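Chemist: attaching a predicted model along with its sequence, questions to come.
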Amino acid sequence: ETGVTQSPTHLIKTRGQQVTLRCSSQSGHNTVSWYQQALGQGPQFIFQYYREEENGRGNFPPRFSGLQFPNYSSELNVNALELDDSALYLCATWTWDYGYTFGSGTRLTVV
Amino acid sequence: GQQVMQIPQYQHVQEGEDFTTYCNSSTTLSNIQWYKQRPGGHPVFLIQLVKSGEVKKQKRLTFQFGEAKKNSSLHITATQTTDVGTYFCAGSGDGSSNTGKLIFGQGTTLQVKP
């Protein structure tokens, strides 16, 4: 148990559909980051939220969007899904003692 | 853009042998972190290095940060089957490890034969 919970664990979607992935942390950290990890690759930074506002973005198109709520839970939304969006999506919170704590991830398959 | 490269991509060792993975950045890093990911799992934080030339040890694991803060290494002494997994280095170049994005290397996958 990492203290960071993601749902769902697995998801299958059809190309063109939209998907929402969710993340919450036990300690209510005010910073949450989202990463995409394609098979056999390192995680790639999508964006980060701090106190409900986007606070940094990687090289991902606008159809990747997010939200952070007052209770510091977070959502990642992806519109117009493409086959290449198939990946493990990870959210993470930060502490100085433990670095980034990743959730177990959501495995998204786009068919 | 900033790139972080790791070598080797794969390493197969006999249990008891040593293992080293190397990480190189195209730009100077403010800090470097190391993560381990078991097959089917998620990355787990191992350590963060901040100072030029820093060396840290965790039992059989030794982490180094280069003098120029552009490279790092992880060395495992006397590997065990529990060391199996993919080791990632991840760098931050924007001065703050908790507010900037991490750039991950592509990882080194370690297999240990008992």
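Modeler: Received the coordinates, thanks.
Chemist: check which helix or strand A:Gln48 maps to.
Modeler: Using DSSP states H and E, A:Gln48 maps to strand A:44-50.
Chemist: run the chain-centre distance for that strand.
Modeler: With CA atoms, centre = their mean, to the nearest Å as the basis, strand A:44-50 stands 8 Å off its chain's centre.
Chemist: using PDB, write out every CA atom in whatever helix or strand comes next after it.
Modeler: Going down the chain from strand A:44-50, the next helix or strand is strand A:53-57, by DSSP H and E. Taking C-alpha atoms only, strand A:53-57 is exported to PDB below (Å, rounded to 0.1, in the frame of the first residue of the first chain):
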ATOM      1  CA  GLU A  53      -4.100  24.600 -10.600                       C
ATOM      2  CA  GLU A  54      -1.900  23.200 -13.400                       C
ATOM      3  CA  ASN A  55       1.700  23.900 -12.400                       C
ATOM      4  CA  GLY A  56       3.800  22.400 -15.200                       C
ATOM      5  CA  ARG A  57       3.100  20.400 -18.300                       C
END
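Chemist: which other helices and strands does strand A:53-57 contact?
Modeler: strand A:44-50 (3 or more CB pairs under 8 Å, 6 or more residues apart in numbering or on different chains; DSSP states H and E). C-beta here means a position set from N, CA and C on the backbone, and glycine is covered the same way.
Chemist: enumerate the residues of chain B near chain A.
Modeler: B:1, B:33, B:35, B:41-45, B:47-48, B:88, B:90, B:97-107 (CB under 8 Å from any CB of the partner chain).
Chemist: now B:Tyr10: closest residue in space that isn't a chain neighbour?
Modeler: B:Thr109 (5.0 Å; CB to CB, 6 or more residues apart in numbering or on different chains).
Chemist: one more: A:Ser65?
Modeler: Distances taken as CB to CB, 6+ apart put A:Asn77 closest to A:Ser65, at 4.9 Å, once the chain neighbours are dropped.
Chemist: could I get the contacting residues of that neighbour?
Modeler: Under the criterion of CB atoms under 8 Å, 6 or more residues apart in numbering or on different chains, the neighbours of A:Asn77 are A:Gln18, A:Val19, A:Thr20, A:Leu21, A:Phe64, A:Ser65, A:Gly66, A:Leu67.
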